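*Asks:* Pasted the sequence and its predicted model underneath.
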Amino acid sequence: MSKISRDEVAHLAGLARLAVTEAELDTFAGQLDQILDAVAKVGEVAADDIPPTSHAVPVTNVFRDDEVRPCLSREQVLAGAPAAEQDRFRVPRILTEEV
């Protein structure tokens, strides 16, 4: 038995402002029935004594120790910039100050 009618599909399409053809109404009704059946099966399996989980297996973060590594000096970095001023990158102003 169909859980969703063509009229309900047409109503949903109207709410979503989707233009659907008569043939698409039948197709979408069948597809939505399959989705509702799948959701119902999940609802049958879900039990009150089973805690909800986000992952099937335990997940833990793996952290590594911070290590100091060689990097570019300030002068080397600023040498590659189009413009620098007072040991900083100089960029065009994008905001105006309005008082």
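*Replies:* Nice, thanks for sending it over.
*Asks:* what about residue 62, how many neighbours?
*Replies:* Residues near residue 62, counting by other C-beta atoms under 10 Å, number 4. (Each C-beta comes from the backbone N, C-alpha and C, glycine too.)
*Asks:* Name the next helix or strand downstream of the longest helix along the chain, please.
*Replies:* With residue count as the measure and DSSP state H as the assignment, the chain has helix 22-45 as its longest helix. Next helix or strand after helix 22-45 toward the C-terminus (DSSP states H and E): helix 74-79.
*Asks:* tell me the mean pLDDT over the following helix or strand past that following helix?
*Replies:* Downstream of helix 74-79, the next assigned helix or strand under DSSP H and E is strand 84-85. In this model, strand 84-85 has a mean pLDDT of 91.
*Asks:* coming back round to it: mind listing what's buried in the longest helix of the chain?
*Replies:* 25, 28, 29, 32 (16 or more other C-beta atoms under 10 Å).
*Asks:* Of those, which pair is most distant in space?
*Replies:* The span of the buried residues of helix 22-45, defined through C-beta to C-beta, is set by 25 and 32 at 10.5 Å.
*Asks:* Find residues that contact each of those two.
*Replies:* Common neighbours of residue 25 and residue 32 are listed as residue 9 (criterion: C-beta atoms under 8 Å, 6 or more residues apart in numbering).
*Asks:* which residue is nearest the middle of this protein?
*Replies:* residue 54 (15.8 Å; C-alpha atoms, centre = their mean).
*Asks:* Pull up the per-residue confidence for that residue.
*Replies:* Predicted confidence (pLDDT) for residue 54: 79.
*Asks:* where does the protein dip in pLDDT?
*Replies:* Scanning the chain for pLDDT under 70 picks out 1-2, 46, 99.
*Asks:* most distant residue from the middle of the protein?
*Replies:* The chain, C-alpha atoms, centre = their mean, max distance from centroid: residue 86 (40.8 Å).
*Asks:* Check the gap between that one and residue 97 for me.
*Replies:* Remark: distance between residue 86 and residue 97 (C-beta to C-beta, to the nearest Å) = 20 Å.
*Asks:* Count the neighbours of residue 12 for me.
*Replies:* Burial of residue 12 is recorded as 14 neighbouring residues (other C-beta under 10 Å).
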